[in-house]
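Peer 1: here's a sequence, model it:
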Amino acid sequence: MAVGISVSNTSNLSSGQRILVNAAKVAFPPAQPDPDLIWNQEIPQGHKQWDILTYARLSQASALTEGVDLAQSQQLVAASLSVTPTEHGIIATLSKRLIRRQGDAPVFSQTGTQLAESQRRRMANDVRALYDGFTKSTPGASVAIDITHFRGSAAYLMTDNDSAYGPAPLPYRAVLHAEQLSDIIVDISDTAPRGTTTGLTDSLLQRWWRGRDRLYGIEAFHSALDRDTDGDSKGTIMAEEALVLVHAGETEVTEEDDKSLRAIEVGIFQEWSEAERADPHGVEIYSDSSATI
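Peer 2: Residues are numbered from 1 along each chain as shown. Now for the predicted structure:
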């Protein structure tokens with residue numbers, strides 16, 4: 001016979017106790033605004049490819065002399081871009097026993113939510129991969145971005161750098177890592193102790209960061225950009241139509257009952273592809289994004 005004080009975790013006595021599980025917490029999804037910040041196109045059913053022509057400008061008009069024939073004719077020139085969407089998807093399989101045992105826990109609906117978040121993350125990463133393709137890049141690896149690079153990028157987009165595309169049309173969007181945004185805020189804020197802080201600095205300290213504030217009239221968005229091994233990230237400042245995301249049909253959600261497995265397979269699928277439309281209409285922001293703390 002066992003002797004001593006009986007406590008709550010004593011051998012088989014603990015098996016008679018019920019376990020209460022509090023509301024399950026879910027990993028918060030990272031910021032994925034990228035697909036919504038570029039030009040989105042939808043191709044109708046029955047089409048496999050999306051094509052767009054971008055017409056280059058004609059030569060400047062000439063001054064004429066009365067009685068003299070204008071002999072030289074201008075020819076239209078267009079750059080062609082073809083995008084063919086491909087299929088993406090993810091599935092999760094839930095045993096029916098799990099669903100029953102979860103009781104009131106919304107495991108089925110929660111699975112659907114997380115599948116959608118996973119699909120969105122893939123789409124956002126596909127768009128982010130395009131930022132590296134812009135020819136113009138600033139300020140460079142291991143260099144912190146400052147206001148000079150930001151306004152310089154805006155000036156570059158407004159400049160007539162290429163007759164095939166012309167200046168980048170508004171609106172412009174900045175898509176940056178949180179630490180890149182932090183470097184910008186530091187550069188335009190004066191936090192020296194002075195008893196009182198007024199003007200721009202006071203405004204920034206009180207309200208930044210709300211997720212899409214403007215700087216030089218450009219909306220700046222926080223995105224979950226990757227850091228490389230040296231602590232640098234690649235974001236962008238671009239015109240909306242510099243990049244394009246082409247969808248083929250709506251998101252398809254599937255549910256399949258596997259009776260022999262006694263499980264339900266849930267899936268989410270969508271076709272899309274992305275491409276760079278106008279290289280001069282974007283600037284890669286390649287800069288230090290090492291953790292501040």
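Peer 1: shaky segments in the chain?
Peer 2: Counting by pLDDT under 70, the chain has low-confidence residues at 1-28, 103-105, 190-212.
Peer 1: so what's the backbone phi/psi at residue 135?
Peer 2: Note on residue 135: its backbone torsions stand at phi -70, psi -40 [degrees, to the nearest 10].
Peer 1: residues touching it, list them.
Peer 2: The neighbours of residue 135, taking C-beta atoms under 8 Å, 6 or more residues apart in numbering as the test, are 279-280. C-beta here means a position set from N, CA and C on the backbone, and glycine is covered the same way.
Peer 1: in the host helix or strand of residue 111, what's buried?
Peer 2: In this structure, residue 111 sits in helix 107-128 according to DSSP states H and E. Residues 111-112, 114-115, 117, 119-120, 123-124, 126-128 are the ones in helix 107-128 that count as buried (16 or more other C-beta atoms under 10 Å).
Peer 1: end to end on stretch 255-269, go ahead and measure it.
Peer 2: Distance across stretch 255-269, first residue to last, is 12 Å (C-alpha to C-alpha, to the nearest Å).
Peer 1: from residue 76, how far out is the residue minimising distance to the centre of the chain?
Peer 2: Closest residue to the average C-alpha location of the chain: residue 34 at 2.3 Å, with C-alpha atoms, centre = their mean. From residue 34 over to residue 76 the distance is 34 Å, taken as C-beta to C-beta, to the nearest Å.
Peer 1: quick check: bridge partners of residue 87?
Peer 2: Beta-bridge pairing of residue 87 under DSSP bridges involves residue 271.
Peer 1: quickly find the element holding residue 185.
Peer 2: With DSSP H and E as the criterion, the answer for residue 185 is helix 178-188.
Peer 1: how about that helix: buried residues?
Peer 2: Within helix 178-188, judged by 16+ other C-beta under 10 Å, the buried ones are 178-185.
Peer 1: ok, residues contacting that helix?
Peer 2: If you take C-beta under 8 Å, 6+ apart as the criterion, helix 178-188 is touched by 144-147, 150, 176, 200, 204, 208-209, 215, 220, 222, 225, 233, 235, 285, 287-292.
Peer 1: ok, now stretch 107-124?
Peer 2: By C-beta under 8 Å, 6+ apart, stretch 107-124 touches 24, 26, 29-30, 32-35, 88-92, 94, 98-99, 223-224, 245, 251, 253, 264, 266-268, 270, 272.
Peer 1: go with 6 Å
Peer 2: 29, 32, 34-35, 88, 90, 92, 266, 268 (C-beta atoms under 6 Å, 6 or more residues apart in numbering).
Peer 1: farthest-apart pair in those residues, please.
Peer 2: Using C-beta to C-beta, the pair of these lying farthest apart is 34 and 266, separated by 25.5 Å.
Peer 1: now the strands for the stretch 151-293 of the chain?
Peer 2: Residue ranges of the strands in the stretch 151-293 of the chain, as given by DSSP state E, counting those that start in this stretch, are 172-176, 214-215, 218-222, 232-239, 243-258, 263-276, 282-288.
Peer 1: let's have the ones you listed in CSV, adding mean neighbour count and distance to residue 80.
Peer 2: CSV is the format used below for the strands of the stretch 151-293 of the chain (neighbours: other C-beta atoms under 10 Å; distance: least, C-beta to C-beta, whole Å):
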stretch, mean neighbour count, distance to residue 80
strand 172-176, 25, 25
strand 214-215, 14, 35
strand 218-222, 20, 30
strand 232-239, 26, 20
strand 243-258, 16, 13
strand 263-276, 18, 12
strand 282-288, 25, 19
